[in-house]
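> need a structure here:
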Amino acid sequence: MSSSRLVPAVTRRQERRMANRPDWVPLIVLTLIAALLAGGYFVYPRFFALIHRTDCIATGRTDCG
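Numbering: from 1, shown residues only. This next block holds a predicted model:
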């Protein structure tokens, strides 16, 4: 067995530099969730109207708007 020293994966200098860096992951995730909700808010009425019209046509009616 050799008596070599174990080298830390991250030096203290790198730890300090990383500690001062902002973490962007939560902000990115929150932005994506907000974008999905906003997209659903604007797309849902169109899908609802499409499904309503398809159901109307499927029942055999001809005056579907």
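> pLDDT of stretch 18-32, averaged?
Averaging pLDDT along stretch 18-32 gives 86.
> That one: which residues count as buried?
By 16 or more other CB atoms under 10 Å, stretch 18-32 has no buried positions at all. For the C-beta atoms, the positions are set from N, CA and C on the backbone; glycine is no exception.
> CA atoms only: put that stretch into CSV for me.
The C-alpha coordinates for stretch 18-32 follow below in CSV (Å, rounded to 0.1, in the frame of the first residue of the first chain):
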residue,chain,number,x,y,z
MET,A,18,-19.0,28.1,-6.4
ALA,A,19,-20.6,29.4,-3.2
ASN,A,20,-20.7,32.9,-4.7
ARG,A,21,-22.2,31.7,-7.9
PRO,A,22,-26.1,32.0,-8.1
ASP,A,23,-28.0,28.8,-8.7
TRP,A,24,-30.1,29.2,-11.8
VAL,A,25,-31.8,25.8,-11.9
PRO,A,26,-34.8,26.8,-9.6
LEU,A,27,-35.4,29.9,-11.7
ILE,A,28,-35.3,28.0,-15.0
VAL,A,29,-37.7,25.3,-13.6
LEU,A,30,-40.1,28.0,-12.3
THR,A,31,-40.0,29.8,-15.7
LEU,A,32,-40.7,26.5,-17.5
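> Quick check: which ranges of the chain have low pLDDT?
1-4, 6-8 (pLDDT under 70).
> tell me the centre residue of it?
L32 (3.8 Å; CA atoms, centre = their mean).
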